[in-house]
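J.: Mind folding the following:
(2 chains)
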Amino acid sequence: MRFSTLFTKTRKDAPKDEIAKNAQLLIKAGFIHKEMAGVYSYLPLGKRVQEKIISIVREEMDKIGGQELVMTSLQKKEVWEITDRWDDEKVDVWFKAKLKNDTEVGFGWSHEEQITAMMKDYISSYRDLPANVYQFQTKLRNEVRAKSGVMRTREFVMKDLYSYSRSEEEHNEFYNKVIEAYHTIYKRLGIGDATFFTFASGGAFTQFSHEFQTLTEAGEDTIYLHRDKKIAINEEVLTDEVLSQLEIKREELEKVKAAEVGNIFSFGSNKCEQIGLYYSDKDGSQKPVVLGSYGIGITRVIGVIVELFSDEKGIVWPENISPYTVHLVSLAGEDENVKNRANEVYEQLTTKGIEVLFDDRADVPAGQKFSDADLIGIPHRIIVSTKTGEKVEYKARMGNESQLMSLDELISKFI
RNA sequence: CGGGGUGUAGCGCAGUUGGCUAGCGCGCAGCUUUCGGAUAGCUGAGGUCAGAGGUUCAAGUCCUCUCAUCCCGACCA
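T.: Have a look, this model is predicted:
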């Protein structure tokens, strides 16, 4: 992508109505645009980051047998009435509207009910199970208070996976697979070391649900971390009973702030019984399907990563989710030779399949180009100038020293 | 939903006890200059001062209401 044609631009000052670091940096660098409180559009750079994250999550979901689909945002109220979650008194985040004929519809804030009702059309035999389906979908939640930039919004992209199993054993086996897949995902996203498997409230269905919590001061949750065991306990379930159950002593725990980047939950067979999703087992008996639900807040992850990986100059994207792999800076000025050389470097890199943001802007001083590069946060930088001649200069976003190398040598770093 | 803060150009801000055609910086357009960390200069465009109502000879400034937005709390599979 040539910077000169990118319609977004960087800005020096963040809007004063953004306090959260993630939103300030993402807006300054041109990744997102705020529409209203808790509602952000994703601009080309932000969209690319989103897609990178989605690709990683998709790969790991597919590996454990997930099948991708996409549900609708418009949901009918009947299915939510079955589980008594249509009432605004029971669920306070509903956005609702009416069709022209006055039929009430809801905008999906979750999809458990809807997708389970749909699966009744496809699951009737033990031969149809297990079925594990997932989607990347925009959730709409009428939060009373949006906050923390993109971390707590009214409209956000979520990966939600639902598992339908024949038995608790089959369910637990898959549940554990998801835990492993999530660890892999967070590792690939660059936040593995800061993300902890956390015991949280299980609600009416089980004793615990499990969360994946990433340590950050910008997080909303308080968790108690056991660093040696690499697990944590959400404040909401921290009792002596739970501690003894997990064989943890209170004094071994460290109280920290964290952001929930994933949540996995067992519903048992309860919800399928309510909605009427049963299957015929080998012996001909009717049995309820066992349901599990597994979420990852894609857009929240972006915010968490920016909170974790940034400095006073800007963002520092982890390798795997950077919008581009390298940021090529041309300091050509009016020098035609340097211009040509920069174009040649750009063409060769892109031909090799390397994703390049090429700052080919004329009339922009070098300092501004460097500042923009720091702000946007692509981890690798390549400079072409009168000084570099037949070589190119390489510098890491976080490094101080740069080095001259041949283009081939450079390309070999990325292929 | 309770408490507190903020609304003046695309962004960041100034605007005194109410007083003339509402300013500054950045950004934007044109010209010149410069070209390894936001170069310098000149010219120019851009404003229902969040909205409505009120007080006054006169309101960006005072009063009332509304809206938006941020923060704290409550809430949060």
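J.: Spell out which parts of the stretch 201-350 of chain A neighbour RNA strand B.
T.: A:201-205, A:209, A:220, A:263, A:265, A:267, A:293, A:295, A:313, A:331, A:333-334 (CB under 7 Å from any atom of the strand). No exception for glycine: its C-beta is placed from N, CA and C like everyone else's.
J.: try 10 Å
T.: Contact residues, the stretch 201-350 of chain A versus RNA strand B (CB under 10 Å from any atom of the strand): A:201-206, A:209, A:211, A:218, A:220-222, A:234-236, A:260, A:263-267, A:270-271, A:291, A:293, A:295, A:313-314, A:329, A:331-335, A:338.
J.: Restrict those residues to the buried ones and give me that as a PyMOL selection.
T.: The PyMOL selection below is limited to those of these classed as buried (16 or more other CB atoms under 10 Å):
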select buried, chain A and resi 202+209+211+218+221+234+260+263+264+265+266+267+270+271+291+293+295+314+329+331+332+338
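J.: Could I have the CA atoms of the helix or strand hosting residue A:45 written out in CSV?
T.: Element membership for residue A:45, per DSSP states H and E: helix A:44-63. Only the C-alpha atoms of helix A:44-63 are listed here, as CSV (Å, rounded to 0.1, in the frame of the first residue of the first chain):
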residue,chain,number,x,y,z
PRO,A,44,-8.2,0.3,6.4
LEU,A,45,-5.3,-0.2,8.8
GLY,A,46,-7.6,-1.2,11.6
LYS,A,47,-9.5,-3.5,9.3
ARG,A,48,-6.2,-5.3,8.4
VAL,A,49,-5.3,-5.8,12.0
GLN,A,50,-8.8,-7.2,12.6
GLU,A,51,-8.4,-9.6,9.7
LYS,A,52,-5.0,-10.8,10.9
ILE,A,53,-6.5,-11.6,14.3
ILE,A,54,-9.5,-13.3,12.7
SER,A,55,-7.3,-15.4,10.5
ILE,A,56,-5.3,-16.7,13.5
VAL,A,57,-8.4,-17.5,15.4
ARG,A,58,-10.0,-19.1,12.4
GLU,A,59,-7.0,-21.4,11.9
GLU,A,60,-7.1,-22.6,15.4
MET,A,61,-10.8,-23.1,15.4
ASP,A,62,-10.7,-25.1,12.3
LYS,A,63,-7.9,-27.2,13.7
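J.: Tell me which other helices or strands it touches.
T.: strand A:67-68, strand A:131-140, strand A:155-165, helix A:168-189, helix A:298-308 (3 or more CB pairs under 8 Å, 6 or more residues apart in numbering; DSSP states H and E).
J.: Now for residue A:365, how many residues are close by?
T.: 11 (other CB atoms under 10 Å).
J.: Could you list everything the nearest residue to residue A:269 once chain neighbours are set aside pairs with in the sheet?
T.: Nearest non-adjacent residue to residue A:269, counting by CB to CB, 6 or more residues apart in numbering: residue A:288, 3.8 Å away. Under DSSP bridges, the beta-bridge partners of residue A:288 are residue A:278.
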